[in-house]
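S.K.: Pasting the sequence and the predicted coordinates here, then a few questions.
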Amino acid sequence: MTPAVFSHGSLRLYLLSLLETSPKHGYELIQALSDRFGGTYSPSAGTIYPRLAKLEEEGLVTKTAVGRKTVYAITDAGREELRARASELDDIENEVTDSLRRMADEVRAGVNQAMKSLRADLAAAAREAKEDTKRFARETTPQDTAPDARGESRLALREAEIVLNEFRQQVRADLRQASMRDGIPAAAIGGLREGLSRVRSELLSKLGR
């Protein structure tokens, strides 16, 4: 995915700009890039570390072992490289912005297609449920004094699956949109987990479990 985001040699210079603010270990650089792209792009270790090794070889960064982590820091030569290529760095920022717009368009198109598919699935499931109801009514005779509990249970399960799928798609769309805007705070995921746990507890209580 790197070529679609950074042109040749651009990621190398962008890493230097990230290290100019403060020393970082590899994961922090990966996370900084992921944050810059709103979570839509996260480079692999195989993408980052070879470039860091090349920067070290050229004397533009140094690395220091801190505990079990290797921390990279920019050198004076690295800062001079950034100053000399400041205009290129501006171009890279423009490239990043363009890449973000393209990714946003792709995500938006994917969400719209997913919602169309969901609506089609829901319509098909609703028709199937209606046919099941009609079939159940045709097959039930006046002599049947007890309701077909198993058939009703199947219909209830189908309806529950439709509700869950609709909820899942809506939440995914909301999360993707939030990711493209300001990011997703950890508190939001914690609240989602707690809310789902509470709903499940209430459901189990209604099911008599």
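M.R.: Looks like it came in fine.

S.K.: What residues of stretch 194-201 count as buried?
M.R.: Buried residues in stretch 194-201, counted by 16 or more other CB atoms under 10 Å: none are found. C-betas here are computed from N, CA, C, even on glycine.

S.K.: Distance check, Ser153 against Thr70.
M.R.: 58 Å (CB to CB, to the nearest Å).

S.K.: Those two - which one has more neighbours?
M.R.: Neighbour tally, Ser153 and Thr70, criterion other CB atoms under 10 Å: the higher count belongs to Thr70, 13 against 10.

S.K.: in stretch 11-20, what's buried?
M.R.: 11-19.

S.K.: So which residues of the protein form strands?
M.R.: 24-25, 61-66, 69-74 (DSSP state E).

S.K.: and among these, the most buried is which?
M.R.: strand 24-25 (a mean of 20; mean count of other CB atoms under 10 Å).

S.K.: which strands and helices sit next to that one?
M.R.: The helices and strands touching strand 24-25, judged by 3 or more CB pairs under 8 Å, 6 or more residues apart in numbering; DSSP states H and E, are strand 69-74.

S.K.: List of residues touching the strand it packs on?
M.R.: Identification of contacts with strand 69-74 by CB atoms under 8 Å, 6 or more residues apart in numbering yields 16, 19-20, 23-26, 29, 52, 55-56, 60-65, 82.

S.K.: Tell me the strands beside that strand, with direction?
M.R.: Strand 69-74 has the following sheet partners, assigned by DSSP bridges: strand 24-25 (antiparallel), strand 61-66 (antiparallel).

S.K.: Mean pLDDT and distance to Glu93 added to the ones you listed, as JSON lines?
M.R.: Listed next are these as JSON lines, based on pLDDT from 0 to 100; distance: least, CB to CB, whole Å:
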{"stretch": "strand 24-25", "mean pLDDT": "93", "distance to Glu93": "19"}
{"stretch": "strand 61-66", "mean pLDDT": "93", "distance to Glu93": "20"}
